[in-house]
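Colleague: The sequence and its predicted three-dimensional model are supplied below.
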Number of protein chains: 2
Amino acid sequence: MHKLADMTDMAELMDKPKKKRAAAQLKDEITAYKRRRILEEASHFFFANGYEATTLDSVAEQLNVTKPFIYSYYKNKGELLYEICQTGIQLSLNALEEALSVEGTASEQLKIVVERVARIIIENQRYVTVYLREEKSLLPEDARRIRDLRHTFDTKLAALLDKGKRSGEFDVAHPSRTAIWVSGLLSWIALWYHEGGRWSATEVVMDAITMVQKMVQPAGGAHV
Amino acid sequence: MHKLADMTDMAELMDKPKKKRAAAQLKDEITAYKRRRILEEASHFFFANGYEATTLDSVAEQLNVTKPFIYSYYKNKGELLYEICQTGIQLSLNALEEALSVEGTASEQLKIVVERVARIIIENQRYVTVYLREEKSLLPEDARRIRDLRHTFDTKLAALLDKGKRSGEFDVAHPSRTAIWVSGLLSWIALWYHEGGRWSATEVVMDAITMVQKMVQPAGGAHV
DNA sequence: CATAATTGCTACCAAGCAGTATAAACATAG
DNA sequence: CTATGTTTATACTGCTTGGTAGCAATTATG
């Protein structure tokens, strides 16, 4: 169903420029789609069994293809891991930047940030968890690129906390250090949340908002 | 040096009952010491490279022994992992219980709890990180035992939050859920702290205390 | 000093798996 | 319907590594 929906989307994109280009474009999108499907199944296995314990044969079997099929879309196992980790942090970063683009006071923005990032983390738990867990399995240069993305995330969050501090909305002694605690709290969701568990996604998101608000709240109390 | 100190301790314990018993006891302690050393080195590798990526040959080499040596003290690789995970959570639990045994108000106790548990987590980062990261590599029954210990930890922490709630010291809507956020914040230290990094252990511990205090602080502000 | 027991090592195996060389199947075009 | 390029599968290799059988060395005992 996922498959069919995507195929339909792709069909619509056909015959815009001359046919050659259109055909080439279609082919590219099919390739991109195959890559996405491989990544999706791989992320399930990496999440459930860990990177090292997962065999590409098992991923291939799940997709009803063979191992060389995977190797014709990805260079090697490590490239799969990198793309999964990259997805995990990039999605979070996108959510953060989008939330920051909403106008408002620092308090309002922080609330939106936590809400959206928490939601994204829950929806993409597999990618985020693998990214948090398997950093040591990445090639050094890949690990560095991932760390850079995370650093960007923490820096932008710190800037927001600093803005709130300057406006008097937040009581944070050290914005960049507090940002790490906040982003840790958000990361913790991926490691701990369990779909169909004791608490719903909405409860967890609301809790996260409350916790973060309290962490930055001035001693005098919140303003509503 | 670690070695020598332990050896000295062990020597003192000799010739108390009749010699046979003394000799047997000494032997047991030497065995226990060898097991500890194996575990210690294994935890370094598991922490740095992950469980699956670590070979027992490399652990043996680090100890200047051979693989069969390890196998004469541990049944298999999985037993090593279990003992490391068990150490990670048990140490935290011990620290929690010890802190709880100190008399005081809920606020005072919470502060001591966070301080001591955070310190233990930093000092035993290898064990705690492996425990947080490698749960999926444990045998199901081992994983269950580890989860039970963590559940005990969270439950005792929740009881403290509840005590503070009833006395009016804390503002927590749902103690057992808040306990999970607090224990998550503490766990986060293991995943994030880096010795010799930007912030000292003491700074991190103090930050953790501040964050947790804010998380449970009534809207009116803290009492000092 | 001889004998027994304990302790550790050498040398090996079997299995699992990442990665590949090569051929078959399929589609596309002329 | 043939020729050409592309996509996917079959069938393999080489290496790694958890685990073990059996031997050597060391220590304890009488």
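Modeller: Now that the structure is in, tell me what you want to look at.

Colleague: So what's the residue count around A:His151?
Modeller: 10 (other C-beta atoms under 10 Å in any protein chain shown). In short, each C-beta sits where N, CA and C put it, glycine included.

Colleague: ok, now A:Leu139?
Modeller: A:Leu139: 12 surrounding residues under other C-beta under 10 Å.

Colleague: List the single closest residue to it in space, sequence neighbours excluded.
Modeller: Of all residues not flanking A:Leu139 in the chain, A:Gly78 sits nearest, at 6.0 Å (C-beta to C-beta, 6 or more residues apart in numbering or on different chains).

Colleague: Contacts only, for that neighbour.
Modeller: Shown in contact with A:Gly78 (C-beta atoms under 8 Å, 6 or more residues apart in numbering or on different chains): A:Ser137, A:Leu138, A:Leu139, A:Asp142.

Colleague: Do I have it right that the second one meets A:Ile84?
Modeller: Spelled out, it's A:Leu138. No - in terms of C-beta atoms under 8 Å, A:Leu138 does not count as a neighbour of A:Ile84; the distance is 10.2 Å.

Colleague: Specify the local secondary structure of the closest residue to chain B within chain A.
Modeller: Chain B sits closest to A:Glu52 of chain A, with a gap of 3.3 Å, by C-beta to the nearest C-beta. Judged by DSSP: H, G, I helix; E, B strand; the rest coil, the three-state class of A:Glu52 is coil.

Colleague: Quick check on it: phi, psi?
Modeller: As for A:Glu52, its main-chain torsions (degrees, to the nearest 10) stand at phi -60, psi -40.

Colleague: need the contact list for the nearest residue to it once chain neighbours are set aside.
Modeller: Setting aside the residues directly before and after it, A:Glu52 is nearest to B:Glu52 in space (C-beta to C-beta, 6+ apart), at 3.3 Å. Contact analysis of B:Glu52 by C-beta under 8 Å, 6+ apart lists A:Gly50, A:Tyr51, A:Glu52, A:Ala53, B:Ser137.

Colleague: and if we set it to 7 Å?
Modeller: A:Gly50, A:Glu52, A:Ala53, B:Ser137 (C-beta atoms under 7 Å, 6 or more residues apart in numbering or on different chains).

Colleague: hang on, the first one packs against B:Ser137?
Modeller: Right, A:Gly50. Yes - with contact defined as C-beta atoms under 7 Å, A:Gly50 counts as touching B:Ser137 (6.2 Å).

Colleague: Show me what counts as buried in the single longest helix found in chain A.
Modeller: Across chain A, the longest stretch assigned as helix under DSSP state H is helix A:19-49. Across helix A:19-49, burial judged by 16 or more other C-beta atoms under 10 Å in any protein chain shown covers A:25, A:29, A:33-34, A:37-43, A:45-47.
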